[in-house]
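**Student:** sequence-free structure coming up:
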Ligand SMILES: Nc1ncnc2c1ncn2[C@@H]1O[C@H](COP(=O)(O)OP(=O)(O)OP(=O)(O)O)[C@@H](O)[C@H]1O
Ligand SMILES: Nc1ncnc2c1ncn2[C@@H]1O[C@H](COP(=O)(O)OP(=O)(O)OP(=O)(O)O)[C@@H](O)[C@H]1O
Ligand SMILES: [Mg+2]
Ligand SMILES: [Mg+2]
């Protein structure tokens, strides 16, 4: 039946839709003879993937938050704080695994406080997390004594190495971690009660409450999970830089949010997907990579990325309207 | 009747409420013996007022946008762009007044494009203006050739001078301009049809449309007006810096938004006031000023300002709930 | 028949069609509205009535078809255009800006001004007049609309439509949240408008209302016009026949059930938003009706009982044990379920699917080893869609795209799915067509027979009298009277609700301090 | 009404309050300046207030800080101006309020300030170019990675490097010359990584400050090019020193920030005490290499003693 078929096509569009933008971006650079050969190499893709890890981890948590109808402007500060804490712990002689744990938990704690303030004081997330953005950044600088924290090299720094040990890993362990958590979060959102509840809270909080959902608990959990991801992202940042830098990732929260929104997340809640978000992250990374390869000046790059963000979301809208 | 009386008290609270936060901040520093004497001097207040001009102008437009249910992340980039354009024009030999006009109109144009994209493509303002943030910043760097533009001194640079000519002005002309426009915008919001329509669009856009309001036209106008204010703010930035700097005001959009929200604006639209916004601007400026005077390190300042943003909005919520 | 041949009709719609994706909402519908006439648009839930009126008002554009006003072609580019051409509309879903005051909402889009400057005094005067007209001068023009109850909001909408100087007024279920008294007043107003040569299109599922106010009617079925004519000489049976293809329906089907032991009792329950403490008892297998005027505090009592509003004092006892928690989930765990009167704001998550909305309060059955099975969820929902005859493309359709009545059914389906043993229903048949209503009454009866307890809040007295075992009446937040249904009649209910008189004691006058 | 017991006011007016205003507070470079200033504080018995713009490298905020210090009535200001023009007016204001100003690190137009204590940034770029040119034996394909748009001191370093390479080493090809690393290590890292993907056959790199040098070092290390590509950077930090020692970095142009901070405070105190001062004081740049890095004077510059700083 035509009706059946039509929804079939719609579904296919919906499934592959997010990839269209990504393929377009890749095709764009792949067609330019100047960089073609270099751009399409596996090594370059690997390097883009590694660069994406930090934003991707942040964006995993941000996807949950945005679906639940919130936003987290403190994500980037939180990443910086976690990277400082990890470096501090390693420097103080803690076992690497303990340092990682501390970094991740710090992120989780910041998220928990965000969630607590949003639910207990019933403040808009934008404001709470904007305040927290300053607080976390300030704390990071404080702890680091306004400096980078130099930490001795440990296996933590292998997590983001493009030539991983053991070599059969092929990709940096960080990339595998992202893939693992992305699958886990996708399953969580789609196939668990908690996931459904996140969508419900974002779509209409009053309804969720009426249906007996513990909306506050759900929101706190979402912010805490997102905080943990920021913490992990901070650990990866430390792994990559080999120092704990309190000034790192300034403004990165906007990249993270952009990735989620390019991937179909709606800032009014109730919409978004992990797959879309991951594609959004890759679109941004490939754009940066391609522009740099072309040797375009930075301002051109800024303009292009700004324009692409708008175009990507406009396309997404169009897709939704026709599907 | 008790009901009548209660709303009377509520009204008083609502009217003076925004000032409570400001008085608290001023009292805080006025009580610290170390800075007391210096802090409470007229010269210091004058200097704080001058420092507030740039954020205040941006916040005037942002108030309209936030009431209408939108947001503008490109405000700071727009300010930078306008400052560069003004400097460029003066440098190219244009008459100062023409240069100012060009700067303001550039800001207006960016706002117009924002509004057009938000309404025509029906994209969320967050994304459109986030894209525009990159585009405007890139354009500013492009025009300035990746440098700041040195322009010869003209009377434009007097606009933000703390010792104005003629001296009977007492305050920098920029401050008078802010006061003038603040009154104008407050009147616009309260006593004109257009102002009422801005509230209606922000409160429930569907309703506004069904009641025959041209919501798109209203929104475009709001973004354009806000753009003009950013342009004017850019001119003031140029006046203050005496150079056109494409890298100025990075992240300032968050200060501007914070001022509006501290002043009672709601990011979901339909709420906000010019008076509140201006108080919000002053709260942030006095905080910075006081912290600097105390010689507190920046991270403390960051933490305090972050915390104050949260506390201010929490107080505002409380006030609303009891009123 | 009236003679309207002399002048062209006020409105003519011809061959109008509209599809939403695969749903054909309107299919070649034609329609004529005469001068000073009240024309009723009738049809089941999802028949296409609202869609047609939205096309008329300019809110949506048709796929095909023509419209004429006074013989001149009419193709509104938007609601603004429609208003300018003299078409104003009361929308089915409440259509107000919550932050704006009553006055600002009523005057929205038609502000009195000179060169853009507001003339507040003139507007205040107009608004007071129109509130006077709907006989609710106590509604303050300066209160933000968001603070009003659903009923008061609907009155504001009506007041707004009345301040319009329109040729055509469309009323899409204007009385769905009104009490009988307010509805009566509306009919008087409609008569007045007719006298001023205003034509009215009236949509309602209360067929007896239609019989009273309408001059002519058009029946829609599955997006097609299946008949029209004058009201004179047409019986309700004929109309129902046109609507659903069967002649007789029993509106209040009798389902035998008997009350058992008490399952829910409120012992002087007092919430922060309730005017005074309320005590009542509900038994297993009992349907307890709650009557009252707009703002009489019924909704607030339910919300407090369900933990949505703060509890201030008193106790709620369910099956012999006092409720301890304060939040809705604790109520749900004890078998309570609430159907909200505000389906847009609270009752449903419009962006989620039918399946998710129906199962949201109880997803546990679809969980295996911690993971949900969407296909099992869909299967379960498909059954409910069938039982309630919900017109939807399937379990995966977004609830926001359903017609008003079908949305209401989804909200009700959730309580059924949740297997609540105490159902708290706040205006459960709002916007539901007459056939579905009868089904729902039967369903509720069936639930009572299974031993479930039902608290049935309604402003539609016939249904209270038709299906309840006992009815309590609220007046200004006070439960003034409780009697078995057999001891009530419509007049008695009205009297108790309006003056709060009780047979046993003196009237309790309580100041509402909220 | 002032109470006599107040710590501020006329009683303690003998203790001079000196505001030292850097461009930012978190780079190693500013830390060293801070350390130098603290040393002067101890030696001269004055009080140093250390305060940068809250956002690193924000001109408008630095103006605000200067204004706020003028309001708070400090005795003297030591300023590292973010802009040679924009800070002119606040400095004028200070002088009008009888607060002398000493400029450090970067130049300021006009002549309101009392003295200028700085390194010759252009010369630093020249040193780097010569080192790179020699190691590459006058030919090769290199990157000039820039720091950030509109930053005066790094622009001069980049100019010194660029002019020298084009003039003295015509055999050297600049593969990249207008890419900006951005403000943080992470952005520099990404830029360098992407550039290496594009030009894996690069033979030399120059970076004009600490964050861009460190970011680039990480990228080279990650692509296993460290040590193979001739890499000359600017400024020092423990990781950069380690890179120098390991042979991953072939030269670091280092300034003497501690001396700058020290002399800045010392000069302003001299002015306040009415002693004569030089209008321009050069603190010098040197090139640190693996060979000379353990000589005492270079060692002191590479790893300055920061222990005296406590906020
Ligand atoms: N925006 C939309 N998207 C998809 N389908 C829609 C949309 N609006 C209406 N429909 C569909 O069009 C049909 C007609 O809906 P309409 O709202 O006109 O019904 P109605 O006669 O007003 O019903 P009710 O009495 O329940 O209000 C329904 O099947 C509904 O699901
Ligand atoms: N006309 C009105 N003016 C102002 N406030 C009103 C009005 N009507 C209702 N309210 C508000 O609503 C509250 C009670 O409404 P509630 O919804 O509980 O009553 P209800 O009996 O359920 O009426 P409804 O039939 O409207 O649902 C009142 O206390 C008052 O705050
Ligand atoms: Mg309808
Ligand atoms: Mg009610």
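**Tutor:** Perfect, I can see it now. All figures in this text were calculated on a predicted structure; none of them were measured in a lab. Numbers count the residues shown, from 1 in each chain, chains lettered A, B, ... in the order given. Ligands and ions are numbered 1, 2, ... in the order given.
**Student:** make it CA atoms for all contacts and neighbour counts henceforth
**Tutor:** Noted.
**Student:** any idea whether residue C:24 is helix, strand or coil?
**Tutor:** The local conformation at residue C:24, judged by DSSP: H, G, I helix; E, B strand; the rest coil, is strand.
**Student:** Okay, residue C:97 and residue C:144: tell me how far apart.
**Tutor:** Residue C:97 is 9 Å from residue C:144, where distance means Cα to Cα, to the nearest Å.
**Student:** Compare the two and say which one has the larger neighbour count.
**Tutor:** residue C:97 (25 against 17; other Cα atoms under 10 Å in any protein chain shown).
**Student:** List the contacts of the residue lying closest to residue A:265 once chain neighbours are set aside.
**Tutor:** Sequence neighbours aside, residue A:272 is the residue nearest to residue A:265 in space, at 3.7 Å (criterion: Cα to Cα, 6 or more residues apart in numbering or on different chains). For residue A:272, the contact set (Cα atoms under 8 Å, 6 or more residues apart in numbering or on different chains) comprises A:63, A:66-67, A:260-261, A:263-266.
**Student:** Residue A:272 falls within a strand, correct?
**Tutor:** No - looking at residue A:272 with three-state DSSP, it is coil, so not inside a strand.
**Student:** What score does it have for pLDDT?
**Tutor:** According to the prediction, residue A:272 has pLDDT 92.
**Student:** The one 10 residues further on now?
**Tutor:** You'll see residue A:282 listed with a pLDDT of 94.
**Student:** my guess is it contacts residue A:22, does it?
**Tutor:** Yes - Residue A:282 lies in contact with residue A:22 (Cα atoms under 8 Å); the separation is 7.1 Å.
**Student:** The two: which has the busier surroundings?
**Tutor:** Using other Cα under 10 Å as the criterion, residue A:282 and residue A:22 rank with residue A:282 on top: 25 against 20.
**Student:** Find the nearest non-adjacent residue to that one, please.
**Tutor:** Among residues not flanking residue A:282 along the chain, residue A:52 sits closest, at 6.7 Å (Cα to Cα, 6+ apart).
**Student:** which other residues reach stretch C:14-21?
**Tutor:** Residues contacting stretch C:14-21 (Cα under 8 Å, 6+ apart): C:24-31, C:62-67.
**Student:** in that stretch, what's buried?
**Tutor:** For stretch C:14-21, burial by neighbour count (16 or more other Cα atoms under 10 Å in any protein chain shown) applies to C:14-18.
**Student:** Of those, which is the nearest to residue D:209?
**Tutor:** residue C:18 (65.5 Å; Cα to Cα).
**Student:** Give me the below-cutoff pLDDT ranges for chain A.
**Tutor:** Residues of chain A that meet the criterion pLDDT under 70 lie in A:1-18, A:320-323.
**Student:** Please report how far the residue of chain C most remote from its centre lies from ligand 2.
**Tutor:** The outermost residue of chain C, judged against the average C-alpha position, is residue C:369 (41.2 Å), by Cα atoms, centre = their mean. Between residue C:369 and ligand 2 the computed distance is 42 Å (Cα to the nearest ligand atom, to the nearest Å).
**Student:** pLDDT value on that residue, please?
**Tutor:** On the pLDDT scale, residue C:369 gets 84.
**Student:** Of the contacts of residue A:272, just say which sits nearest to chain D.
**Tutor:** residue A:260 (20.7 Å; Cα to the nearest Cα).
**Student:** isn't the closest one right up against residue A:63?
**Tutor:** Yes - the pair residue A:260 / residue A:63 is scored as a contact, 5.9 Å apart, by Cα under 8 Å.
**Student:** I figured residue C:37 hits residue C:195, correct?
**Tutor:** No - counting by Cα under 8 Å, residue C:37 stays clear of residue C:195, with 9.4 Å between them.
**Student:** Buried ones in stretch C:82-96, by neighbour count?
**Tutor:** C:82-83, C:85-96.
**Student:** Okay, and which of those map to strands?
**Tutor:** The strands, defined by DSSP state E, take in C:87-90 from the buried residues of stretch C:82-96.
**Student:** Would you reformat these as a markdown table and include distance to chain D and pLDDT?
**Tutor:** Converted to a markdown table, these look like this (distance: Cα to the nearest Cα, whole Å; pLDDT from 0 to 100):
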| residue | distance to chain D | pLDDT |
| --- | --- | --- |
| C:87 | 55 | 92 |
| C:88 | 54 | 90 |
| C:89 | 54 | 90 |
| C:90 | 53 | 90 |
